[in-house]
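Chemist: sequence first, then the predicted structure:
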Amino acid sequence: MRRLAADYTGFFHWLHERWGDIVYFEMPNGRHCAVFDADLAEEVLTREPLRFQKDSPEFAFEVIQSPGLARTPFGEDHGRLTDLMVTAFTSERIAAFRRIAVSEASSFADRLAAGSTVDFRAEIERFTWDALTTTILGTGRELGPGPGLAMMRAAKLGFVVFAAPGYRLIRKLPLPHDLKARRTIRPLDEAVYDAIRDARDADSRGTSVLAHLVQATERGESDWSFSSDSEIRDEAYVVFVGAWDPAVHAMAYAPYYLSRNPETRARLEEEVDRVAGDRPLRAEDLERLPYAEAVYKELLRLQPPAPLLVPRRAVRDTSLGGYFIPKGTLVEVVPHVMHRRADYWRDGEAFRPERWLEGHACPRGGYMPFGAEPRDCKGIPLAMAVSVSGLAGLARKWRLEPESDELPADGLEVGLLSGPIRTRVVPRTPGGR
Ligand code: HEM
């Protein structure tokens, strides 16, 4: 517990180095098994979902009451909810999401002032929050990140409580962070219910994720139906939690890696300049930025927003990799280790986006920042649109220089980070573009 608390990801690297590809360990909240091998990971995640079920997290997080897509057990309901979510990403909607992401990215870049020092974590939180609230709820709902931050802190504290002895008892208590979160998120609740009402309007032409959830279920275009508006609201919250936190996480490391790799940074700037010329970035440009996409994939490789995937619980006594796994064991697949293994990657510790353009970057299954089917991420097109726009929008104008040489620290804030990331905003050309 001490080692885990001191260095969360380091703990799992240590387990792998010391004991190999599959390691059993015990914690106050039960039996655990960490998996670091791509084939074993595939067996746990993909091949037999009825042997290992994604654990429905019983975090002390009372803000979301209904299970939603992320917590519904694998089976028919999960299949219906998956179909509902993935059909949100039609080419028309993806195009609309890209327009929003690019416009938010350029507002983000314009907000920064030459020569200033900013907290990059707070900046990236705001940019991703603005882009996600607009794509998820629709335009015209100005909402600062305050309610989202309260929601995320409650969820993150829930993780800590979950690992503590007696967590079932603790989660029944009226915990101050939950009570505070419930109060602080009210404006978000109002915006979500408002968006639900708007989506019901017969003339609504909204392209938001929420408009899709409402319209597809109510117009009979989906096999899933919500039993109440609060269930729709909860599904929107599942998307907020699932989308915002990871979107912040990988982007927050961009200045650290780009400032240490000037050739990569120059290549990124050169690509963005070549594609956009002297005009502002446009949504269609995102398809012509393979290097920016490779930079993002490399950030996701070295700093996966889910360093461990959501645990899978063994639903019966079973075996894995030749070892007995007792029923109830939580099996944890660890991308943070797999993404750097020396036997999977050439220069695994190096930040080298080129690997994604050279093909055969890694063996099948060794890279899983978005998890693996059937319970993989359902928002990849939106995640890519927001993140690549953010990288490209910044690269057009600024070079961001972190004040500290240290890697941004893990913690409990949004994006699993802690504390500010003080960063100098240096214009690429005198006075900025
Ligand atoms: C950088 C952005 C993102 C990353 C890295 C990411 C990553 C992930 C990961 C690792 C999982 C869990 C996989 C597992 O434990 O096996 C997941 C699940 C999920 N993600 Fe994302 N995600 C991102 C953005 C989004 C967005 C924008 C949405 C919006 C729709 C979204 C919706 C979901 C949902 C609904 C699930 C649960 C799926 C299920 O349990 O069947 N995510 N995501």
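Modeler: Cool, got the structure.
Chemist: indicate the residue of this protein located nearest to the ligand.
Modeler: For the chain and the ligand, the shortest gap (CB to the nearest ligand atom) falls at residue 379, measuring 2.0 Å. Backbone N, C-alpha and C define where each C-beta goes, glycine included.
Chemist: okay, residue 21 and residue 33: tell me how far apart.
Modeler: Shown here: residue 21 relative to residue 33, a distance of 11 Å by CB to CB, to the nearest Å.
Chemist: find the nearest non-adjacent residue to the residue of the chain closest to the ligand, please.
Modeler: residue 243 (5.4 Å; CB to CB, 6 or more residues apart in numbering).
Chemist: and residue 308, that one's in a helix?
Modeler: No: with DSSP: H, G, I helix; E, B strand; the rest coil as the criterion, residue 308 is assigned coil and is not in a helix.
Chemist: without its sequence neighbours, what residue ends up closest to it?
Modeler: Once flanking residues are discounted, residue 308 sits nearest to residue 332: 4.9 Å by CB to CB, 6+ apart.
Chemist: surely the residue nearest to residue 379 meets residue 132?
Modeler: Yes: counting by CB atoms under 8 Å, residue 132 is a contact partner of residue 243 at 5.4 Å.
Chemist: higher neighbour count, these two?
Modeler: Between residue 243 and residue 132, counting by other CB atoms under 10 Å, residue 132 is the more crowded of the two (27 against 22).
Chemist: and the more buried one, which helix or strand is it part of?
Modeler: Element membership for residue 132, per DSSP states H and E: helix 120-137.
Chemist: buried stuff in that helix?
Modeler: By neighbour count with 16 or more other CB atoms under 10 Å, helix 120-137 contains the buried residues 120-137.
Chemist: for the stretch 151-300 of the chain, which residues are neighbours of the ligand?
Modeler: Proximity of the stretch 151-300 of the chain to the ligand (CB under 6 Å from any ligand atom) is limited to residues 238-239, 242-243, 246-247, 250.
Chemist: quick check: closest non-adjacent residue to residue 261.
Modeler: residue 351 is the one closest to residue 261 (CB to CB, 6+ apart), at 5.3 Å.
Chemist: count the neighbours of that neighbour for me.
Modeler: 19.
Chemist: which parts of the stretch 1-150 of the chain sit against the ligand?
Modeler: Counting by CB under 6 Å from any ligand atom, the residues of the stretch 1-150 of the chain near the ligand are 54, 69-70, 85.
Chemist: before we move on, back to that, the more surrounded of residue 21 and residue 33?
Modeler: Between residue 21 and residue 33, counted using other CB under 10 Å, residue 33 has the larger neighbour count: 24 against 17.
Chemist: and the closest residue to that one other than its chain neighbours, what element?
Modeler: Leaving aside its chain neighbours, residue 33 sits nearest to residue 331 (4.7 Å; criterion: CB to CB, 6+ apart). Assessed by DSSP H and E, residue 331 sits inside strand 330-333.
Chemist: what lies in contact with that strand?
Modeler: 12, 30-35, 41, 44-45, 52, 55, 308-309, 311-314, 320, 325, 368 (CB atoms under 8 Å, 6 or more residues apart in numbering).
Chemist: put the alpha carbons of it into CSV.
Modeler: This file holds the C-alpha atoms of strand 330-333, laid out as CSV (Å, rounded to 0.1, in the frame of the first residue of the first chain):
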residue,chain,number,x,y,z
LEU,A,330,-9.7,-8.2,-9.8
VAL,A,331,-7.6,-8.5,-12.9
GLU,A,332,-5.8,-5.3,-13.9
VAL,A,333,-4.5,-4.9,-17.4
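Chemist: which regions of the stretch 101-250 of the chain lie under the pLDDT threshold?
Modeler: Flagging of the stretch 101-250 of the chain using pLDDT under 70 yields the residue ranges 158-165, 167-168, 171, 177-178, 202.
Chemist: can you map out the strands along it?
Modeler: If DSSP state E, counting those that start in this stretch is used as the criterion, the strands of the stretch 101-250 of the chain fall at 117-119.
Chemist: can you give me the helices in it?
Modeler: Using DSSP state H, counting those that start in this stretch, the helices of the stretch 101-250 of the chain run over residues 120-137, 146-163, 167-170, 176-184, 186-200, 209-218, 229-252.
Chemist: ranking those helices by burial, who's on top?
Modeler: Highest mean neighbour count of the helices of the stretch 101-250 of the chain: helix 120-137, a mean of 25 (counted as mean count of other CB atoms under 10 Å).
Chemist: tell me which other helices or strands that one touches.
Modeler: Under the contact criterion of 3 or more CB pairs under 8 Å, 6 or more residues apart in numbering; DSSP states H and E, helix 120-137 touches helix 91-111, helix 146-163, helix 186-200, helix 209-218, helix 229-252, helix 380-397.
Chemist: and the shortest one, what does it pack onto?
Modeler: Think helix 209-218. helix 76-86, helix 120-137, helix 186-200, helix 229-252.
Chemist: how close does residue 15 sit to residue 3?
Modeler: According to CB to CB, residue 15 stands 9 Å off from residue 3.
Chemist: and those two? Which one has more around it.
Modeler: residue 15 (22 against 11).
Chemist: looking at this, that one is in a helix?
Modeler: Yes: assessed by three-state DSSP, residue 15 belongs to a helix.
Chemist: can you name the residues that contact it?
Modeler: Applying CB under 8 Å, 6+ apart, the residues near residue 15 are 23, 25, 34, 36.
Chemist: quick check: the residue positioned nearest the centre of the chain vs residue 198, distance?
Modeler: Nearest residue to the geometric centre of the chain (CA atoms, centre = their mean): residue 246, 2.2 Å. Using CB to CB, residue 246 is found at 27 Å from residue 198.
Chemist: since that was my last question, I'll sign off now.
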